[in-house]
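Peer 1: With the input below, show me the fold.
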Amino acid sequence: MFRSGLVAVTLLALLGPARAADDGCEKFAWSLARERAAFAAADKTTVAAGEALAALPAGALVIRLQAAAQASFEMPPERKPRTEQWHGGMVRLPVLAKPGIYQITLSDDAWIDVIQNGRYARSVGSTGRSDCPGVRKSVRLDLNASPVVLQLSGVSPDTIAITIGAVE
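Peer 2: Here you go, the predicted structure:
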């Protein structure tokens, strides 16, 4: 009996690290290690949907979203949410410091619209996985040095964490 218990403990010890490596977090199209660390940090800034930020956050930003019926948007979301019960909203970002490729990473499943100069900005790349705890997708957009409206819709929870910054 002792021997079979020892074998079981040994197998669990050997399989534990393999399971952690198989969680999908290292399988995005680009590294999201910095974003994962920002999402895990305790000192995240929190804002309510509808607010305007004076500066891009240095780390993760938690957005308190509104129920679908109360969510307001600059422009209608480009995609209809997949569920009836969802949350959404928008956050106004300041004039970007310089034009270039910016990356927005989301902690949960959501549709994201980025609006600049009255038009939807187009993605130049995206990566997403449903098997990475705490990170769902990351989108890259070619943006100019003007204000940005970030819209989120189709979000199941009433908050979502995001990171945004220039791609280095």
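
Peer 1: how close does T163 get to G50?
Peer 2: 20 Å (Cβ to Cβ, to the nearest Å). Using the backbone N, CA and C atoms, a C-beta is placed for each residue, glycine as well.

Peer 1: neighbour-wise, which of those two wins?
Peer 2: Using other Cβ atoms under 10 Å, the more surrounded residue of T163 and G50 is T163, with 25 against 16.

Peer 1: contacting residues around the spatially closest residue to A54 that is not a sequence neighbour?
Peer 2: In space, and not counting its chain neighbours, A54 is closest to P94: 6.1 Å by Cβ to Cβ, 6 or more residues apart in numbering. P94 is in contact with 52-56, 147, counting by Cβ atoms under 8 Å, 6 or more residues apart in numbering.

Peer 1: again, but for V91
Peer 2: By Cβ under 8 Å, 6+ apart, V91 lies in contact with 47, 49-53, 61, 63, 149-150.

Peer 1: now swap in G165 and tell me
Peer 2: 56, 102-103.

Peer 1: if you set the cut-off to 10 Å instead, what comes out?
Peer 2: When contacts are counted by Cβ atoms under 10 Å, 6 or more residues apart in numbering, G165 touches 34-35, 38, 56-59, 102-105.

Peer 1: for it, which residues make a bridge with it?
Peer 2: Beta-bridge pairing for G165 (DSSP bridges): Q103.

Peer 1: Which stretches in this protein count as helices?
Peer 2: Here the chain has its helices, by DSSP state H, at 2-21, 33-40.
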